[in-house]
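Peer 1: need a structure here:
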Amino acid sequence: MNQDSGEAARLEDAVLTRAAQAGEVSALGLLLERHRAGMRAVALSILGPGPDVDDVVQDAAVTALRRVRDVRDPAAVGAWLRMIVRNASRSLLRSSVPSQPIDDLQLPSTDAAPERWLEHHTMRNWIWEAMEELSPTLRLPLVLRHFSTTVTSYERIADACGVPVGTVRSRLSQGRARLATALAATADAPHGDTAQRVRASRAEAHETLAAAESGRFGALMAERWSPGITLLRGNQPVGGSGVLARGMDGDLEAGVRQRLVHAVAGRSLVVWEMDLLNPADDPGHCPPSVAWLMTLDDVGRPHRLRLLHPAPVRALQSLTPM
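Peer 2: Below is the predicted model of the structure:
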């Protein structure tokens, strides 16, 4: 590529990036197609041949969707996309639980104008509106992969969904494709306030933990949760509100406390990620963390609950019955 054609390509990248930052899904799609070969080459150079290469490139596409407004130099979007792939590939090599590839992204400065943050929130609201258009089967793995902080690996998502890892890969691939279609379909639709929904969900999580510590977990479930609340392990029901109340009470009696560290909240799906704080005299009583994966009913009440630990629970006293 000569200098003139290279400069023309950078200018075209800049035009497409600005259009994508303005919310045009087709522009982002064109950018990804223009740079897909380079993104794949980066993944291949780090991971070698295998299915992880395509998975990393697909993940990078969703990350780009979420973060395209953070690109400071639109003409250099190709390098930005390859950096996302490089970070994700290295994370995959370091651990079986790949972290979100955002640490080295070029984030907006903290003194950005309020309008800048408003636009960023609008993009996020649009993404969540499109998420709600997906089937529950496709929505859960996609939300966990891209919005959770602890349930991001294929293995953990497979545990949460009660399906093989290969099925997780297939559902993620289908979900990303459907998401692109849903984004185009919801571009002009009203979008809910995702930030407000997350704040409300965090407040509810704190109220739930406080109620449990005061002996009112059962009463809170009766007041706020669906009467048909069901605890699932994978896709199999293992109990209802009675099992949940006994498990929570047992952990509290053993001196275990929970602390909210992250919340994800949509209209139909909520994720609360908690640290588990064990008593000093029994530091291994529970694993270090637990994720509450809650499917909501038509009026927004928890209806199905999955509790996922990063490792099997050693003791019988746990929220998840053994």
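Peer 1: Please count neighbours and contacts with C-alpha atoms only from this point.
Peer 2: Noted.
Peer 1: just for the protein, where's the confidence low?
Peer 2: Residue ranges of the chain with pLDDT under 70: 1-5, 95-124, 184, 186-191, 310-322.
Peer 1: Kindly format the C-alpha coordinates of the longest helix that it contains as CSV.
Peer 2: In the chain, taking DSSP state H as the definition, the longest helix is helix 25-47. Output of helix 25-47 as CSV, limited to C-alpha atoms (Å, rounded to 0.1, in the frame of the first residue of the first chain):
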residue,chain,number,x,y,z
VAL,A,25,-24.5,0.0,13.2
SER,A,26,-23.7,-0.4,9.5
ALA,A,27,-20.7,1.9,9.9
LEU,A,28,-19.3,-0.3,12.7
GLY,A,29,-20.0,-3.4,10.6
LEU,A,30,-18.0,-1.9,7.7
LEU,A,31,-15.1,-1.1,10.0
LEU,A,32,-15.0,-4.6,11.4
GLU,A,33,-15.0,-6.1,7.9
ARG,A,34,-12.2,-3.7,6.8
HIS,A,35,-10.0,-4.8,9.7
ARG,A,36,-11.2,-8.4,10.3
ALA,A,37,-8.2,-9.9,8.5
GLY,A,38,-5.7,-7.9,10.7
MET,A,39,-7.6,-8.7,13.8
ARG,A,40,-7.6,-12.4,13.0
ALA,A,41,-3.9,-12.3,12.2
VAL,A,42,-3.2,-10.8,15.6
ALA,A,43,-5.2,-13.6,17.3
LEU,A,44,-3.6,-16.3,15.2
SER,A,45,-0.1,-15.0,16.0
ILE,A,46,-0.7,-15.2,19.7
LEU,A,47,-3.1,-18.3,20.1
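Peer 1: Just the residues contacting that helix, thanks.
Peer 2: Residues from elsewhere that reach helix 25-47 (CA atoms under 8 Å, 6 or more residues apart in numbering): 13, 16-17, 19-20, 53-54, 56-57, 61, 65, 78, 81-82, 85-86, 89-90, 93, 180, 183-184.
Peer 1: try 7 Å
Peer 2: Here helix 25-47 makes contact (CA atoms under 7 Å, 6 or more residues apart in numbering) with 13, 16-17, 19-20, 53, 57, 61, 78, 81-82, 85-86, 89, 184.
Peer 1: for the next helix or strand after it, the distance to its chain's centre please.
Peer 2: Next along the chain after helix 25-47, taking DSSP states H and E as the criterion, comes helix 51-67. Offset of helix 51-67 from its chain centre (CA atoms, centre = their mean, to the nearest Å): 13 Å.
Peer 1: just to revisit the earlier point, mind giving me the PyMOL select for the contacts of helix 25-47, buried ones only?
Peer 2: A single PyMOL command selects the buried members of the contacts of helix 25-47 (16 or more other CA atoms under 10 Å):
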select buried, resi 13+16+17+20+53+57+61+78+81+82+85+86+89
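Peer 1: Look up how far residue 239 lies from residue 140.
Peer 2: Residue 140 sits 21 Å away from residue 239 when distances are taken as CA to CA, to the nearest Å.
Peer 1: Between these two, tell me which one has more neighbours.
Peer 2: Comparing residue 140 with residue 239 by other CA atoms under 10 Å, the one with more neighbours is residue 140, at 25 against 15.
Peer 1: check contacts around that one.
Peer 2: If you count contacts by CA under 7 Å, 6+ apart, residue 140 has none.
Peer 1: next helix or strand past the helix or strand hosting it?
Peer 2: In this assignment (DSSP H and E), residue 140 forms part of helix 136-147. Using DSSP H and E, the helix or strand that follows helix 136-147 in sequence is helix 154-161.
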